[in-house]
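K.L.:
how does the following fold in three dimensions:
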Amino acid sequence: MSSLVVALVLGGLFLAYDIALDRGAVLPGGDLRLLALTGYVVLVCVVGTVATWLLVPLPTGSGTTRRTRTGWSLALGLFAAVPMAYLVLVALHELVKPVLTGDGTAVTLAAIIGAVARPARTEDDTG
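P.N.:
A predicted model of the protein is given here:
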């Protein structure tokens, strides 16, 4: 959950930066989208890994009440954070950005929702 929150916040900032550059904004340092994207992925992975390590201790075995945290807790957080960073970035870039920019060549969010919500037609429906 922490990976998702961090990915959404940082992804929103990256999307705002991307749209500003697309619209011709002159920002200090020029076009640093690659650096910003790299920072986004690193921060989502680090925060997700550390938060999982802090919040999710390993289960205790029978007869033990001491909960421990090991490198496996870190690995669990990393394995959850990597796809989260990717999925949020793809959703923001492919679904939200075209809606915000009014790009006529991209599929709008309403068309995607309509296509998903529409029931599939079968042979029984046609005949």
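
K.L.:
tell me, how many neighbours does V6 end up with?
P.N.:
A count of neighbours around V6, defined by other Cβ atoms under 10 Å, yields 22. In short, each C-beta sits where N, CA and C put it, glycine included.

K.L.:
report the contact partners of it.
P.N.:
43-44, 47-48 (Cβ atoms under 8 Å, 6 or more residues apart in numbering).

K.L.:
could you find the closest non-adjacent residue to L10?
P.N.:
In space, and not counting its chain neighbours, L10 is closest to Y40: 4.9 Å by Cβ to Cβ, 6 or more residues apart in numbering.

K.L.:
about what we covered before: need the contacts of V6 in JSON lines (columns: neighbour count, distance to A81 and secondary structure).
P.N.:
JSON lines is the format used below for those (neighbours: other Cβ atoms under 10 Å; distance: Cβ to Cβ, whole Å; DSSP: H, G, I helix; E, B strand; the rest coil):
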{"residue": "L43", "neighbour count": "16", "distance to A81": "10", "secondary structure": "helix"}
{"residue": "V44", "neighbour count": "27", "distance to A81": "6", "secondary structure": "helix"}
{"residue": "V47", "neighbour count": "18", "distance to A81": "8", "secondary structure": "helix"}
{"residue": "G48", "neighbour count": "26", "distance to A81": "3", "secondary structure": "helix"}
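
K.L.:
any idea which element the residue nearest to the spatial centre of the chain lies in?
P.N.:
In the chain, the residue lying closest to the centroid (Cα atoms, centre = their mean) is V88, at 2.0 Å. V88 is part of helix 71-91, with elements assigned from DSSP states H and E.

K.L.:
can you list contacts of that helix?
P.N.:
Contacts of helix 71-91 from elsewhere in the structure, counted by Cβ under 8 Å, 6+ apart, are 3-4, 7-8, 11, 14, 37, 40-41, 44-45, 47-53, 56-58.
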